[in-house]
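Student: Predicted model follows, preceded by the sequence.
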Amino acid sequence: MGLRARDPEAQRALFERYGPHVQRVLARVLGVDGELPDLLHDVFLEAYEGIERLSDPKALRGWLSSIAVFTARACLRRRKRRSWLRFVGWDELPEPPSTGATGEVTLALSRVYAILDGMPEDERIAFALRYIDGMELTEVAEVCGVSLATIKRKLARAQEIFQARARREPALQQWLGGGE
C-alpha cells in the first residue's frame, strides 16, 4: 500500500478522495467554524502517521471518520478549557458570510449550533452525526468507538436536551413541527 510507504501521491489521492467526507463530518460536529481547514489538516496528518493501525483497507472511510470525530472532540474540549479566557463569546462573533441560505435558515442554523454548544461533547457529537450528517446508527457508534447500545443511550439523552432547548427558540419553531 502506497500510504504505508509514505508515498506523496498516495497521500494526495487519499486526501482528494476522502477530504470532502472528512470535512463534512467535522463541519456537522462543529458547525461553521474558522478552524475547519486546520482540523482537516490535523485529521489527515494523524491518518498518514497512523496508517499502520488500519488493519482492513475496506474500513478506511470509517477509520477516517473516527479520526475526524476524535479531532472534533479534542477541539471542543480545548475550547471548553480555555473558555474562561475569552472576552468575547463564540456567539458574539460576527457570522461568516453566508452563501445562498436565507436569513431565516441562517438564524435557525446558528441557534441549532448554539444549542449544541451547550450540550455535553459525546451527546453533541452523536446528535450531529446522526441528525445533521445523517449517518446510520451503526456508523455513528463505529466512528465514536462505542457500542450500538451506548450510542442509542447518548442519542436519547441528546434528543431530550436538544428538544427541550429548541422549544424555547423562536427561530426553530417552524422546524420543530408539533414540538418534536
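Tutor: In hand now; what should we look at?
Student: from what I can see Leu172 touches Leu107, true?
Tutor: No. With the criterion set as C-beta atoms under 8 Å, Leu172 and Leu107 do not qualify as a contacting pair; they are 9.1 Å apart. Using the backbone N, CA and C atoms, a C-beta is placed for each residue, glycine as well.
Student: Can you report the mean pLDDT over the residues of stretch 68-79?
Tutor: The predicted model assigns stretch 68-79 a mean pLDDT of 90.
Student: Quick one: residues in contact with it.
Tutor: Outside stretch 68-79, the residues within contact range by C-beta atoms under 8 Å, 6 or more residues apart in numbering are 22, 25-26, 29-30, 35, 39, 42-43, 46, 90, 121-122, 124-125, 129, 143-145.
Student: where's the residue nearest the centre of the chain, which helix or strand?
Tutor: Nearest to the geometric centre of the chain sits Val29, at 1.9 Å (C-alpha atoms, centre = their mean). Using DSSP states H and E, Val29 falls within helix 8-30.
Student: any idea how far that helix is from the chain center?
Tutor: When distances are taken as C-alpha atoms, centre = their mean, to the nearest Å, helix 8-30 is centred 13 Å away from the chain's centroid.
Student: same question, stretch 32-44
Tutor: Its chain's average C-alpha position is 11 Å from that of stretch 32-44, according to C-alpha atoms, centre = their mean.
Student: Quick one: the helices in this protein, in order.
Tutor: When assigned using DSSP state H, the helices of the chain occupy the ranges 8-30, 36-49, 60-82, 103-117, 121-127, 137-144, 148-166, 173-176.
Student: Buried residues, the fifth one. List them.
Tutor: Translated: helix 121-127. 122-127 (16 or more other C-beta atoms under 10 Å).
Student: Tell me the spacing between the residue nearest to Glu52 when sequence neighbours are not counted and Ala13.
Tutor: Taking C-beta to C-beta, 6 or more residues apart in numbering, and ignoring the residues beside it in sequence, Glu52 has Arg4 as its nearest neighbour in space, at 6.5 Å. Arg4 sits 14 Å away from Ala13 when distances are taken as C-beta to C-beta, to the nearest Å.
Student: quick one: average pLDDT of stretch 37-57?
Tutor: Summarised as a single mean, pLDDT over stretch 37-57 is 91.
Student: Could you give the separation of that stretch from the chain centroid?
Tutor: Using C-alpha atoms, centre = their mean, the offset of stretch 37-57 from its chain centre is 16 Å.
Student: What are the buried residues along it?
Tutor: In terms of neighbour count (16+ other C-beta under 10 Å), stretch 37-57 has its buried residues at 39-40, 42-44, 47-48, 51, 54.
Student: can the residues you listed go into a markdown table with extra columns for distance to Thr71?
Tutor: Output for the buried residues of stretch 37-57, formatted as a markdown table (distance: C-beta to C-beta, whole Å):
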| residue | distance to Thr71 |
| --- | --- |
| Leu39 | 5 |
| Leu40 | 9 |
| Asp42 | 5 |
| Val43 | 5 |
| Phe44 | 10 |
| Ala47 | 10 |
| Tyr48 | 14 |
| Ile51 | 16 |
| Leu54 | 16 |
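Student: Perfect, that will be all.
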